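S.K.: after the sequence you'll find the predicted model.
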Amino acid sequence: MNKSTFQKKILVWYQKNKRPLPWRLNQDPYRVWISEIMLQQTQVQTVIPYYEKFLNRFPTVLALAQAKEEDVLACWAGLGYYRRARQLHVCAKNIANQNSFPNNAKDWQQLPGIGPYTASAIASIAYNEPIAVVDGNVIRVIARLYALTGHAKSPALKSSVDTIAQTLIAPKQPGDFNQAMMELGATVCTPQSPQCHLCPVHQYCSAYQQGKVETIPAVPPKKKIQQIHRTVLVILNKQKVLIQQRPADAKWLPQFYTPLEWWNTANPDTAKQWQDLLPPNFFKICKTPVFMGKTKHTITDHHITSSIFGIATTHKPKAPKNHQWTEWDSLAQKAIANLDRKVFQLIIKHPLFNSIAFK
Ligand code: SF4
């Protein structure tokens, strides 16, 4: 392979074919950084509206650093993998304290939650550092170009790809080159049915020449999925609903708001069982919750099935510690994760709750 011809072909193709994404407007490190964090484990089309909303709400690193964590989580709510939002917030405080962004990959990696991939992406795109970026798309493209063996998630394949990617990078336009390789993987060299006839470098591709495009890289073994059960109780009083904030050390979605919930317990089916679960002054008004249905949600390798119960009451006991009665209309602005957005979306279809709306 002639390396400089390869680089030229990739870069020319990218200039003609890149998607007009909002984070590609300029090389501002703040914008590049936010996009790279949001794009981790999340599809481009899902990220776009969240990215624009987030940049409107927190237009500078200083605005983000000065925000309350609860507001950052609320703005991120729905995008998932909330650890990213927390770490982004911590990083913003660090950067604001230093009064400047790190300007190379090594220094970016000193910040919480910034691994080698993200550090290389930011440093090459925002600062033109000639350092290769290897994501799932690049692994697939390079594995096919060189007909490498090993499954897509294997450390050995990743390590070979890292080495090759660093030798291929265009030294004068590393940011564009990295984005071009990722874009090629995302739009042409796709996992299924790659469009090799549109590929600018097919003449260099070993998998194409050997007819092995569909089998390289090999499919990784399936991960074991764990099933988890949760009982949820939604208590409504006129236009208000009782929610609680999960503690900072909660295993699932700490500091997000949720209706009352109990993890890994059997659903109560007698008044006595409800009495054992409920805060003391709530049993009087919640003797007979109605079963409303189930929701399913996946967090990494865990499938969570929530059994939803609801009750509309005329009394409103004082909310216990870390709980609050909240207007339905303001729920959508709260830090509520998708796990519980699904709960609210399910129950508004029930006659008990049909006078309210949740978006
Ligand atoms: Fe991917 Fe096909 Fe291009 Fe090879 S020729 S890099 S398999 S799109």
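M.R.: Done, it's in.

S.K.: how about low-confidence regions in this structure?
M.R.: Scanning the chain for pLDDT under 70 picks out 286-287, 352-359.

S.K.: how about the residues of it near the ligand?
M.R.: 141, 144-145, 188-189, 194, 196, 199, 201-202, 205, 207-208, 213 (C-beta under 6 Å from any ligand atom). Heads up, the C-betas are built off the backbone N, CA and C, glycines and all.

S.K.: between those residues, which is nearest residue 94?
M.R.: Checking the residues of the chain next to the ligand against residue 94 by C-beta to C-beta gives residue 141 as the nearest, at 33.8 Å.

S.K.: list the contacts for the closest one?
M.R.: Counting by C-beta atoms under 8 Å, 6 or more residues apart in numbering, residue 141 makes contact with 181, 184-185, 189.

S.K.: let's have those in CSV, adding secondary structure and neighbour count.
M.R.: Listed next are the contacts of residue 141 as CSV, based on DSSP: H, G, I helix; E, B strand; the rest coil; neighbours: other C-beta atoms under 10 Å:
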residue, secondary structure, neighbour count
181, helix, 26
184, helix, 24
185, helix, 21
189, coil, 28
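
S.K.: just flag the most distant two among those.
M.R.: It's 181 and 189 that sit farthest apart of these, by C-beta to C-beta, at 9.2 Å.

S.K.: give the intersection of the neighbour lists for those two.
M.R.: Counting by C-beta under 8 Å, 6+ apart, the common neighbours of residue 181 and residue 189 are 137, 141.

S.K.: now for residue 288, how many residues are close by?
M.R.: Counted with other C-beta atoms under 10 Å, residues neighbouring residue 288 total 8.

S.K.: helix, strand, or coil at it?
M.R.: coil (DSSP: H, G, I helix; E, B strand; the rest coil).

S.K.: which residues does it contact?
M.R.: Contacts here follow C-beta under 8 Å, 6+ apart; on that basis residue 288 touches 271, 311.

S.K.: distance check, it against residue 99.
M.R.: Counting by C-beta to C-beta, to the nearest Å, the gap from residue 288 to residue 99 is 59 Å.

S.K.: and the residues of the chain next to the ligand as CSV, adding distance to residue 36?
M.R.: Formatted as CSV, the residues of the chain next to the ligand follow (distance: C-beta to C-beta, whole Å):
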residue, distance to residue 36
141, 19
144, 24
145, 24
188, 22
189, 21
194, 25
196, 29
199, 25
201, 25
202, 29
205, 28
207, 28
208, 30
213, 29
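
S.K.: are any of the residues you listed buried, and which?
M.R.: 141, 144-145, 188-189, 194, 199, 201-202, 205, 207-208, 213 (16 or more other C-beta atoms under 10 Å).

S.K.: out of those residues, list just those in helices.
M.R.: Of these, the ones assigned to helices by DSSP state H are 141, 144-145, 207-208.

S.K.: ok, which stretches of the stretch 101-250 of the chain are strands?
M.R.: Secondary structure of the stretch 101-250 of the chain (DSSP state E, counting those that start in this stretch): strands at 226-237, 240-245.

S.K.: format those strands as TSV; extra columns: mean neighbour count.
M.R.: Formatted as TSV, those follow (neighbours: other C-beta atoms under 10 Å):
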stretch	mean neighbour count
strand 226-237	19
strand 240-245	21
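
S.K.: nearest to residue 44, of those strands?
M.R.: strand 226-237 (28.9 Å).

S.K.: which is the succeeding secondary structure element to whatever helix or strand residue 273 lives in?
M.R.: Take DSSP states H and E as the rule and residue 273 turns out to sit in helix 271-277. Counting by DSSP H and E, the element after helix 271-277 in chain order, helix or strand, is strand 290-299.

S.K.: same for that next one, what does it pack against?
M.R.: Helices and strands touching strand 290-299, by 3 or more C-beta pairs under 8 Å, 6 or more residues apart in numbering; DSSP states H and E, are strand 302-313, helix 338-347.

S.K.: from the chain's centre, how far out does whatever helix or strand comes next after the longest one sit?
M.R.: This means strand 302-313. Using DSSP H and E, the helix or strand that follows strand 302-313 in sequence is strand 323-327. Using C-alpha atoms, centre = their mean, to the nearest Å, the mean C-alpha position of strand 323-327 is found 27 Å from that of the whole chain.

S.K.: now for strand 323-327, which elements pack on it?
M.R.: strand 240-245.

S.K.: CA-only coordinates of the strand it packs on in CSV, if you can.
M.R.: Taking C-alpha atoms only, strand 240-245 is exported to CSV below (Å, rounded to 0.1, in the frame of the first residue of the first chain):
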residue,chain,number,x,y,z
LYS,A,240,-48.8,16.0,42.2
VAL,A,241,-46.8,12.8,42.4
LEU,A,242,-44.5,11.5,45.1
ILE,A,243,-40.9,11.1,43.9
GLN,A,244,-37.7,10.3,45.8
GLN,A,245,-34.1,11.1,45.0
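
S.K.: in its sheet, which strands sit next to it, and in what direction?
M.R.: strand 226-237 (antiparallel), strand 257-258 (antiparallel), strand 323-327 (antiparallel) (DSSP bridges).

S.K.: so which of the ones you listed is nearest residue 164?
M.R.: Of all the strands paired with strand 240-245, strand 226-237 comes closest under C-beta to C-beta, at 35.9 Å.
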